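**Student:** Here you go, sequence then predicted model.
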Amino acid sequence: MTDRVRKLFNEQINKEYHSAYLYLAMSNWLDQNDYPGAANWMYIQYKEEVVHAEGFFRYMMSRGEAIELTPIEAPKSEWTSVLEAFEEALAHEEYITDSIDKMAIAAEEDGDRAARLFLDWYILEQVEEEVNGNDNVMFWKRAGDHPGAVLSLDRQYAAREFEADQIPYIED
């Protein structure tokens, strides 16, 4: 692994853990503001981000690379609405997509085909994350200030369950 690719992988581990913190903060805010279903959705998202961070960590370990764990920036903890929280979640996923795309380009340019291949799973995962993010924003916009719609949507979000992603090339 080149120094540049190693640096990007280490930075991505931090970004994934920051993502987890952000979703945990959103879950807390949503729960405190009487959106238990949306809080559950964000809590599940938090757990997914931890798995994603661990995937990068374990991949680097498998290649014998030095891992640098850096401080995780504290996330924002207040939002003005459930919609704002989901809009911020979408914007954050777009930021993560851009970061992973840059990693893939660097791996390609530096001739690290193994890292480039490993990143394919994350690239496709980000497509799913952005589709979900766009759907979430659309659903909350449509629910608007209609109490029945908000309650129904929140109940749907309460049904989400955690299923750990199976990241290729990483053994359990």
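**Tutor:** Sure thing, it's come through. Numbering: from 1, shown residues only.

**Student:** Please report the distance of I100 from F118.
**Tutor:** Using C-beta to C-beta, to the nearest Å, one gets 11 Å for the distance from I100 to F118. C-betas here are computed from N, CA, C, even on glycine.

**Student:** Those two - which one has more neighbours?
**Tutor:** Counted by other C-beta atoms under 10 Å, I100 and F118 do not tie: F118 has more neighbours, with 24 against 21.

**Student:** Pretty sure that one sits against Y59.
**Tutor:** Yes: counting by C-beta atoms under 8 Å, Y59 is a contact partner of F118 at 5.6 Å.

**Student:** Where does the most centrally placed residue in the chain sit, in terms of helix or strand?
**Tutor:** The residue lying closest to the centre of the chain (C-alpha atoms, centre = their mean) is E49, at 4.7 Å. Using DSSP states H and E, E49 sits in helix 36-62.

**Student:** How far off centre is that helix?
**Tutor:** Helix 36-62 sits 7 Å away from the centroid of its parent chain (C-alpha atoms, centre = their mean, to the nearest Å).

**Student:** and that helix, what does it pack onto?
**Tutor:** Secondary-structure packing of helix 36-62 (3 or more C-beta pairs under 8 Å, 6 or more residues apart in numbering; DSSP states H and E): helix 3-32, helix 82-109, helix 113-143, helix 147-158.

**Student:** Any chance of these in TSV with distance to N40 as columns?
**Tutor:** Shown next, in TSV, are those (distance: least, C-beta to C-beta, whole Å):
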stretch	distance to N40
helix 3-32	8
helix 82-109	13
helix 113-143	13
helix 147-158	5
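
**Student:** Check these for me and report the most buried one.
**Tutor:** helix 3-32 (a mean of 20; mean count of other C-beta atoms under 10 Å).
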